[in-house]
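Chemist: Kindly return the folded structure for what I paste below:
(chains A, B, C and D)
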2 protein chains.
Amino acid sequence: MPRLSRLALERAKSSHDQIAAILGTELLRGSYPPGTNMPSEPELIERFQVSRTVMREVMKTLAAKGFVISKTRVGTRVREPVYWNYFDADVLAWRVRLGLDDDFMKSLTEVRRALEPSAAALAAQRRSSADIARLRDCVRQMARTDHTRQSFAEADLDFHLAIGSASGNPLMRSMASVIETALVASFAHSSPVDDPADHEATVNGHAAVVDAIEAGEERLAAEAILKVIDIGVSRIDITRKRQRGAPKR
Amino acid sequence: MPRLSRLALERAKSSHDQIAAILGTELLRGSYPPGTNMPSEPELIERFQVSRTVMREVMKTLAAKGFVISKTRVGTRVREPVYWNYFDADVLAWRVRLGLDDDFMKSLTEVRRALEPSAAALAAQRRSSADIARLRDCVRQMARTDHTRQSFAEADLDFHLAIGSASGNPLMRSMASVIETALVASFAHSSPVDDPADHEATVNGHAAVVDAIEAGEERLAAEAILKVIDIGVSRIDITRKRQRGAPKR
DNA sequence: GTGAGTCTAATAGTCATATTATATTACCCT
DNA sequence: AGGGTAATATAATATGACTATTAGACTCAC
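Modeler: Sure, this is the predicted structure:
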């Protein structure tokens, strides 16, 4: 099974995707202030050296994600950030590539702390045996001792996606798949596998979530997953402080 | 201020948007099973009687929203629903147009019950005076006695958007704007303005949320907004039962 | 037979150009 | 001055040609 780089921001896509990523990143960075116009079609064509067709399809992509809106005779206007679809795999990938600053991580964590306990509680309500089997399997994968940061991150991702599925709510599931992907990217900086004690604690935390779900204990499940999230966050904080104190590169 | 039809599903857009809406709706309805191919470009061109340019841009839009993925020589394949961007204003609008069945409303409510209390709690944490003033103003608007269903729905929408803003979390704000829009559409069926007592209770419920936020009482704010949500849900349930019992049209 | 290489054809991707629709601006007429 | 109208800039749509990619068939050596 070739599950190479689900997390890695894939490279060498079509010219379309590359340009969309470039402009999307620039928009996220604020290079084109909301309410103003993007450069006109001819300018962008000149800049990227592509045909009008490609340029237009890129703009359609950005429009579909809520970044811009094109109107005849007025040009392509940048919309207010409120309308941007942050919950989009591409957008989040662009955002991640821009850097995981503290503010962004904080926002993401807040959303996660809001959603995941609810998802876990719902899972405890429905608790189909298939879902529980899948969750158990995820925990088993996480417990393996031969993990790289990357492989552990993927196992962790699978677990949280499984929670989303087990909630039985397609909207939850959809959000989970997007948010977690971004979150897991942070494992590049700090990972439980760096420390056996941390690893064990993390695995046990996840196992506790499954236990609570299987027992149908909604409240317990919610609390357990909250604990898992907070452990992860504190690890990131610690790592950051340490890096700030003695920057390695 | 021309705030005519923020909720109304606008009509007579470009051929592009119309076709995207049609295909998007069909996808949501399940007319094209995940994993299968969409009709080929020529077929779709034939069906909609548009140029290849337009057809391709429509496909780009659907691809940008996660519905399909196009590859040379294999065609345009429908992706698994997990990847669909439900949290997209257009997608949700299509979904709403498809009908607000019980399952969907339930999913939406579950997400709302997860997110809004957190947003309110965060708002209580930060509680800028500007945000509180804005919220108070929203409540004042809701309290007006000359509301139509539509105008009340918009005032309600504004309130929940303001909560999202006050949370200080751009991701929360972004989700709020999408979810609420769909939710508010349900006011077409049942609205607090139909019953003065209901109206008053609803307004008081919202005011209580603002009070809690102003006082910095996170827990209280979360509980208060949960109550507001649940009142709305029970109204919808009651209306539905009544309609089922004695269908009016 | 089996497997590695090669060819073919189907399909989306890209390009270039022309025409049309629409909104802004400025102008003109009353 | 006001309201309609024409000029104009810009994106929207159309068309047809060419390119790139790759699934699937086909070939051939072993």
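Chemist: Let me see the contact set for A:D211.
Modeler: Shown in contact with A:D211 (CB atoms under 8 Å, 6 or more residues apart in numbering or on different chains): A:A224. For glycine as for every other residue, the C-beta is placed from the backbone atoms N, C-alpha and C.
Chemist: Which of the helices or strands spans it?
Modeler: helix A:196-214 (DSSP states H and E).
Chemist: quick one: secondary structure of the residue of chain A most remote from its centre?
Modeler: Largest separation from the mean C-alpha position in chain A: A:R73, at 37.2 Å (CA atoms, centre = their mean). Secondary structure state of A:R73, per DSSP: H, G, I helix; E, B strand; the rest coil, is coil.
Chemist: returning to that earlier point: what's the next secondary structure element after the helix holding A:D211?
Modeler: helix A:218-245.
Chemist: Next, the buried residues of that following helix.
Modeler: By neighbour count on 16 or more other CB atoms under 10 Å in any protein chain shown, the buried set for helix A:218-245 is A:218, A:220-226, A:228-229, A:231-233, A:235-236.
Chemist: before we move on, the earlier item: in the helix holding A:D211, what's buried?
Modeler: In helix A:196-214, counting by 16+ other CB under 10 Å, buried: A:199, A:201-203, A:205-214.
Chemist: cool, and stretch A:140-149?
Modeler: Here stretch A:140-149 shows A:141-143, A:147 as buried, counting by 16+ other CB under 10 Å.
Chemist: Help me confirm that A:A153 is found in a helix?
Modeler: Yes - read with three-state DSSP, A:A153 is one of the residues of a helix.
Chemist: The helix or strand harbouring A:T181 close to chain B?
Modeler: According to DSSP H and E, A:T181 maps onto helix A:170-185. Yes - Helix A:170-185 is in contact with chain B by CB under 8 Å from any CB of the partner chain, via A:170-175, A:177.
Chemist: now that helix against helix B:170-185, angle please.
Modeler: 170 degrees (axes from the mean of the first three to the mean of the last three CA atoms, to 10 degrees).
Chemist: Point out where chain A drops to low pLDDT.
Modeler: Filtered on pLDDT under 70, chain A yields the residue ranges A:1-13, A:244-249.
Chemist: Spell out which parts of it neighbour DNA strand C.
Modeler: By CB under 7 Å from any atom of the strand, the residues of chain A that approach DNA strand C are A:14-16, A:50-54, A:57, A:71-74.
Chemist: Report the central residue of chain A.
Modeler: Central residue check for chain A by CA atoms, centre = their mean: the C-alpha nearest the mean position is that of A:A182, 2.3 Å away.
Chemist: about what we covered before: any chance of a ChimeraX selection covering the buried ones in the residues of chain A next to DNA strand C?
Modeler: Selecting only the buried entries of the residues of chain A next to DNA strand C in ChimeraX, with 16+ other CB under 10 Å as the criterion:
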select /A:16,50,54,57
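Chemist: Can you name the residues of chain A that neighbour DNA strand D?
Modeler: Neighbours of DNA strand D within chain A, by CB under 7 Å from any atom of the strand: A:40-42, A:52-53, A:56, A:59, A:70-76.
Chemist: would TSV of those with distance to chain B be doable?
Modeler: Below are the residues of chain A next to DNA strand D laid out as TSV (distance: CB to the nearest CB, whole Å):
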residue	distance to chain B
A:S40	18
A:E41	14
A:P42	17
A:R52	10
A:T53	7
A:R56	7
A:M59	9
A:S70	9
A:K71	10
A:T72	9
A:R73	14
A:V74	14
A:G75	16
A:T76	14
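Chemist: Which pair of the residues you listed spans the longest distance?
Modeler: A:T53 and A:V74 (21.5 Å; CB to CB).
Chemist: In three-state terms, label the nearest residue to A:A222 once chain neighbours are set aside for me.
Modeler: In space, A:A222 comes closest to A:P117 once its chain neighbours are excluded; the distance is 3.6 Å by CB to CB, 6 or more residues apart in numbering or on different chains. Of the three states, A:P117 takes helix under three-state DSSP.
Chemist: Can you get me a residue count around A:P117?
Modeler: 22 (other CB atoms under 10 Å in any protein chain shown).
Chemist: Please apply the same query to A:F104.
Modeler: Neighbours around A:F104, by other CB under 10 Å: 18.
Chemist: In terms of helices and strands, where is it?
Modeler: In this structure, A:F104 sits in helix A:102-126 according to DSSP H and E.
Chemist: Please see if the very next helix or strand once past that helix touches chain B.
Modeler: As assigned by DSSP H and E, the chain's next helix or strand after helix A:102-126 is helix A:129-143. No - using CB under 8 Å from any CB, helix A:129-143 stays clear of chain B, with a minimum separation of 14.1 Å.
Chemist: So the closest residue to A:K65 other than its chain neighbours, which state does it fall into?
Modeler: Among residues not flanking A:K65 along the chain, A:N85 sits closest, at 4.7 Å (CB to CB, 6+ apart). Assigned by three-state DSSP, the conformation of A:N85 is coil.
Chemist: show me what contacts A:N85?
Modeler: Neighbouring residues of A:N85 by CB under 8 Å, 6+ apart: A:65-66, A:91, B:85, B:87-88, B:174.
Chemist: Please report phi then psi for it.
Modeler: phi -90, psi 80 (degrees, to the nearest 10).
Chemist: any idea how far DNA strand D is from A:T61?
Modeler: 12 Å (CB to the nearest atom of the strand, to the nearest Å).
Chemist: That residue: how many residues sit nearby?
Modeler: By other CB under 10 Å, neighbour count at A:T61 equals 25.
Chemist: and if you look at A:T25?
Modeler: 16.
Chemist: distance of it from A:E110?
Modeler: The gap separating A:T25 from A:E110 is 23 Å, by CB to CB, to the nearest Å.
Chemist: do A:M38 as well
Modeler: Here A:M38 is placed at a distance of 31 Å from A:E110 (CB to CB).
Chemist: just A:D230 next, same as before
Modeler: 12 Å.
Chemist: re earlier: now, which of the buried residues of helix A:196-214 sits nearest A:D137?
Modeler: Checking the buried residues of helix A:196-214 against A:D137 by CB to CB gives A:V210 as the nearest, at 10.0 Å.
Chemist: Would you indicate which residues of stretch A:80-88 are buried?
Modeler: So, applying 16+ other CB under 10 Å, buried residues of stretch A:80-88: A:81-88.
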